[in-house]
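Engineer: just to be clear, the model below is a prediction. Sequence and coordinates:
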Amino acid sequence: MNSLPLYVPLTFGLVFLLAIWLFSRAVHTSRMSLLVIVLLAVIQSVLGLAGFYSNADLLTMRFPLLVAPSLALGLILFLTRSGRVFIDSLDIARLTLLHVFRIGVEIVLLWLFLHQAVPRAMTFDGRNFDILSGLTAPVVYYFGFIKKRLSARVLIAWNIVCILLLLNVVSSAFLSLPARYQAFGFEQPNIAVGFFPFLLLPSILVPLVIFSHAVIIRRLITFAFRNGRDEGTFGQDQASR
């Protein structure tokens, strides 16, 4: 990992900051939300810099520790009353636009593959099609929330497809970790996620994406169920608040 060109981690750092900035807009710059994200990022970064995740023999066993804390926090928000109040206050239009940062992530993954830090399967040159989520996010944002021409069903379907695309690359990432459950990528295993700053991808960005999709789906289903309206009306209702 020491042989990586400086532009690779720098680009990833900029992509990470873009994602956090876009999320901050969706949560109306909630200080508590940003504080939690920063705290988690700092803790995971310190562990990564200390070498906690960089041991290839232990990476598979410790990998869940990268993802579990953020996922657990998101689950708590959905299971608690105060958490659901917070969720229902989020701007789902901006949460939709948030996913443009996934384009940058896919570019970084390609660079990591070219420098033998992840397998080809984790790139859009392999079996990772998650870049489609990032490319279509501005289109869905524009026609779904600006022009209000997409129905709730279409928006829900888009979010579900994006989740499936993400789970596909997550499974590829896990199954190409060195040792233990490795199913492919033997010639070039996934080692990048054990090093800073790339460990912020599974520890912060992936849970953030899952959380954003889940929030949007919940809001769309809840509104459609209560009002029997399509997403165009939902968008107008949101804009009038």
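Structural biologist: It's in.
Engineer: from here on, just use CA atoms for contacts and neighbour counts.
Structural biologist: Noted.
Engineer: for the helix or strand where Leu58 lies, which residues meet the burial criterion?
Structural biologist: Assigned by DSSP states H and E, Leu58 belongs to helix 56-79. By 16 or more other C-alpha atoms under 10 Å, the buried positions in helix 56-79 come out as 58-60, 63, 66-67, 69-71, 74, 77-78.
Engineer: shaky segments in this structure?
Structural biologist: For the chain, the stretches with pLDDT under 70 are 1-2, 179-187, 223-241.
Engineer: switch the buried residues of helix 56-79 over to a markdown table; also include distance to Val108.
Structural biologist: Formatted as a markdown table, the buried residues of helix 56-79 follow (distance: C-alpha to C-alpha, whole Å):
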| residue | distance to Val108 |
| --- | --- |
| Leu58 | 24 |
| Leu59 | 21 |
| Thr60 | 22 |
| Phe63 | 20 |
| Leu66 | 19 |
| Val67 | 20 |
| Pro69 | 24 |
| Ser70 | 22 |
| Leu71 | 23 |
| Gly74 | 26 |
| Leu77 | 31 |
| Phe78 | 31 |
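Engineer: which among the residues you listed gets closest to His115?
Structural biologist: Leu59 (19.3 Å; C-alpha to C-alpha).
Engineer: surely the closest one and Pro178 touch.
Structural biologist: Yes. Counting by C-alpha atoms under 8 Å, Leu59 does reach Pro178; the two are 7.2 Å apart.
Engineer: still on that earlier bit, show residues contacting the next helix or strand after the helix holding Leu58.
Structural biologist: Next helix or strand after helix 56-79 toward the C-terminus (DSSP H and E): helix 81-87. For helix 81-87, the surrounding residues in contact (C-alpha atoms under 8 Å, 6 or more residues apart in numbering) are 76-78, 215.
Engineer: how far is helix 81-87 from where the chain is centred?
Structural biologist: 20 Å (C-alpha atoms, centre = their mean, to the nearest Å).
Engineer: again with stretch 165-181
Structural biologist: Using C-alpha atoms, centre = their mean, the offset of stretch 165-181 from its chain centre is 15 Å.
Engineer: could you pull out the buried residues of it?
Structural biologist: Quick answer for stretch 165-181 (16+ other C-alpha under 10 Å): 165-170, 172-179.
Engineer: need these in JSON lines with distance to Ile43, can you?
Structural biologist: Shown next, in JSON lines, are the buried residues of stretch 165-181 (distance: C-alpha to C-alpha, whole Å):
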{"residue": "Leu165", "distance to Ile43": "28"}
{"residue": "Leu166", "distance to Ile43": "24"}
{"residue": "Leu167", "distance to Ile43": "25"}
{"residue": "Asn168", "distance to Ile43": "27"}
{"residue": "Val169", "distance to Ile43": "25"}
{"residue": "Val170", "distance to Ile43": "22"}
{"residue": "Ser172", "distance to Ile43": "25"}
{"residue": "Ala173", "distance to Ile43": "22"}
{"residue": "Phe174", "distance to Ile43": "22"}
{"residue": "Leu175", "distance to Ile43": "25"}
{"residue": "Ser176", "distance to Ile43": "25"}
{"residue": "Leu177", "distance to Ile43": "22"}
{"residue": "Pro178", "distance to Ile43": "23"}
{"residue": "Ala179", "distance to Ile43": "25"}
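Engineer: tell me the two of the residues you listed that are most distant?
Structural biologist: Every pair of the buried residues of stretch 165-181 checked by C-alpha to C-alpha; the farthest is Leu165 and Ala179, at 24.7 Å.
Engineer: now do the buried residues in stretch 131-146.
Structural biologist: So for stretch 131-146, counting by 16+ other C-alpha under 10 Å, buried means 131-134, 136-138, 140-142, 144-145.
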